[in-house]
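Engineer: Here is a sequence together with a model predicted from it:
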Amino acid sequence: MSETPPTRNLPTLAIVGRPNVGKSTLFNRLIGRRRAIVGDEPGITRDRLYGFTDWEGRQLRVIDTGGILPDDKDLIPAEIYRQAKVALEEADAIVMVVDSRTELAKPDLELSRLLMKSGKPLFLAVNKVDNVEQEPYAENFRRLGIKNVLPISAEHGNGVAELLEAVLEVIPERAGTTISDEMPEVSTDRRDINAESPLPNVAHEDQEESEDERGPKPGEYTPSETKIAIIGRPNVGKSTLLNLLTGTSRAIVSPIAGTTRDAVDELIERDGKKFRFIDTAGIRRKGKTDLMAEKLSVVMARKHMEAADVSLLIIDASEGVTALDAHIAGYAHESGRSVIIIINKWDLVLRRAQELRDQAGTPQADRLERTVRSRVRASMRSADQGEYEQQARASLKFLNYAPMIFTTATKGKNVDQIFAAIERVATERRKRVTTGEINRFLEHVDFERASVPISKRVRILFMTQTNVAPPTFVLFTDKDVKLHFAYERFLENQIRQAFGFEGTPIWIKTKGRKKRSER
């Protein structure tokens, strides 16, 4: 598994600095879209994020890092520091961002010394210099010992063009370094990047995705890559699974719920096929998110899920399917994403069952049983996979089309099964059935078996598939009425039996025959 070579060959710029100095705002400005969550709370960005920009014919890969505090030994800051060090190793040049409105602090001095030891071209971007009168304040930061000091305003774009030009002057141009077709290419010029205007809205991304999902007329639609969103509640193992599937350490993993905030994506190639995995923030119920960064991360998680082809719904096996799991699954189902259910942490269920067997008849067994009863629903305590799957599907009845895979991400269990399921589901999602095949199929469907009241029944004149991803069928009926849900469910089951469509929702629309008076 490897990332596509063209992106590896691009010159790389890493953006670093302590928390809340405007790194993510500068990152968004450079790549021309809102890729990173931005807010007033310090420490919002944690994982490293990648983006791409094109400047006066030169192409550049940009890395946004979490706020660095070199001496902070707490788990998440230490992991942020580790992620940033990876970015620094990859970088050809480094931009350290400081806040012009704050005094120099010990972390700034320590970080600058650390960066100068790298021996790589280093630039100091003094941010939040919003007008010419404030530019002299940037000179106060020369005490850091960094030669290249540039005043900028990442929010308004002032000075960003000059920063890019200075960076590209010291990075040698490499032969054949182009942004691959799979990457979101952003063309910028001095007018665009210095514009006194808000950053581009995320809605532009959605427009591009909707164009990608338009189904062609014949055959199956095969895009250059498959996008897979990893979704679920906080702390169910999403980031661990991302690192396992991609063979990297892109996402920070910790036992603290809500560690991931920005969506972290990684493009890999396996057996000649390209997969882009997107690790999203854990989705909580409304009212359960306190910080603005958490609220934004949930919004962005849903947006990235809706831009994906396939969603991996991660369930914590030790806790069973909760109401929130079903709620998140509903998001994926209603948005038309294909779904694969991943039952993670299966080793905990097996270990718990073994402990109960070993301690049978002892007081310790009674305590363990009481603990299990308090944490896990009675219907989700089985250590038998077949029984557990049956119980899980009973809680997720609307996902009866989704394959289910048991895994332990920390131990690398069943990775091949996950990739095989992704390939099958992605293919089924883009399958197109000809109108002739569909109408020959209709002739053999016994609609009398559908449990629908006589008054709600309609006669289907003919049916056609109008789109893929997800498969969409239009029924032409003798009545201009909405199809009864039982009739629709019966027809969907018949379509699946005849044509498959594993892992993907099926959308059915009706178009009734108009009365003569309305023609």
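Structural biologist: Nice, thanks for sending it over. In this text, all values refer to a predicted model and were calculated from it rather than measured experimentally.

Engineer: use CA for all of it now, contacts and neighbours both
Structural biologist: OK.

Engineer: Lys227 versus Leu242, what's the distance?
Structural biologist: 13 Å (CA to CA, to the nearest Å).

Engineer: Mutual contacts of these two, please.
Structural biologist: The overlap between the contact sets of Leu242 and Lys227 (CA atoms under 8 Å, 6 or more residues apart in numbering) consists of Phe277, Ile278.

Engineer: which residues of the stretch 51-200 of the chain score low on pLDDT?
Structural biologist: 67-84, 174-200 (pLDDT under 70).

Engineer: ranges for the strands of it?
Structural biologist: In the stretch 51-200 of the chain, the segments counted as strands under DSSP state E, counting those that start in this stretch are 58-64, 93-99, 122-127, 148-151, 187-188.

Engineer: Give me whichever of those strands is most buried.
Structural biologist: strand 122-127 (a mean of 26; mean count of other CA atoms under 10 Å).

Engineer: Contacts for it, please.
Structural biologist: 21-22, 93-100, 115-116, 138, 141, 146-154, 163, 167.

Engineer: what's the closest of the strands of the stretch 51-200 of the chain to Gly237?
Structural biologist: strand 58-64 (23.4 Å; CA to CA).

Engineer: any idea how far the closest one is from the chain center?
Structural biologist: 20 Å (CA atoms, centre = their mean, to the nearest Å).

Engineer: Could you list the domains of this structure?
Structural biologist: Using automatic domain parsing, the domain parsing of the chain gives 5-200, 208-428, 435-518.

Engineer: Helices of the stretch 201-350 of the chain, residue ranges please.
Structural biologist: Ranges of helices in the stretch 201-350 of the chain, per DSSP state H, counting those that start in this stretch, are 203-212, 238-246, 292-307, 323-334, 346-358.

Engineer: and the fourth one, what does it pack onto?
Structural biologist: Contacts defined by 3 or more CA pairs under 8 Å, 6 or more residues apart in numbering; DSSP states H and E place helix 323-334 against strand 226-232, helix 292-307, strand 310-316, strand 338-344.

Engineer: which of the ones you listed has the lowest average pLDDT?
Structural biologist: Of all the helices and strands packed on helix 323-334, helix 292-307 carries the lowest average pLDDT, namely a mean of 66.

Engineer: What strand or helix carries the nearest residue to Arg429 once chain neighbours are set aside?
Structural biologist: Nearest residue to Arg429, sequence neighbours excluded (CA to CA, 6 or more residues apart in numbering): Ala469, at 5.1 Å. Assigned by DSSP states H and E, Ala469 falls within no helix or strand.

Engineer: so what pLDDT did Ala469 get?
Structural biologist: 93.

Engineer: Could you export the strands of the stretch 51-200 of the chain as a markdown table, including distance to Lys511?
Structural biologist: Formatted as a markdown table, the strands of the stretch 51-200 of the chain follow (distance: least, CA to CA, whole Å):
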| stretch | distance to Lys511 |
| --- | --- |
| strand 58-64 | 49 |
| strand 93-99 | 58 |
| strand 122-127 | 57 |
| strand 148-151 | 61 |
| strand 187-188 | 43 |
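
Engineer: Glu306: which of the ones you listed is closest?
Structural biologist: strand 58-64 (23.5 Å).

Engineer: Contacts for that closest one, please.
Structural biologist: 7, 10-16, 23-24, 27, 30-31, 48-54, 87, 168, 173, 177-179.

Engineer: Over to stretch 447-454?
Structural biologist: In contact with stretch 447-454 (CA under 8 Å, 6+ apart) are residues His484, Ala486, Tyr487, Phe490.

Engineer: who's in contact with the second one?
Structural biologist: Contacts of Ala486 were listed using CA under 8 Å, 6+ apart, and they are Ala450, Ser451, Val452.

Engineer: Tabulate the residues you listed (CSV), appending secondary structure and distance to Thr464.
Structural biologist: Below are those laid out as CSV (DSSP: H, G, I helix; E, B strand; the rest coil; distance: CA to CA, whole Å):
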residue, secondary structure, distance to Thr464
Ala450, coil, 20
Ser451, coil, 24
Val452, coil, 22
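
Engineer: Who wins on neighbours among those residues?
Structural biologist: Counting neighbours by other CA atoms under 10 Å, Val452 comes out on top of the contacts of Ala486 with 17 neighbours.
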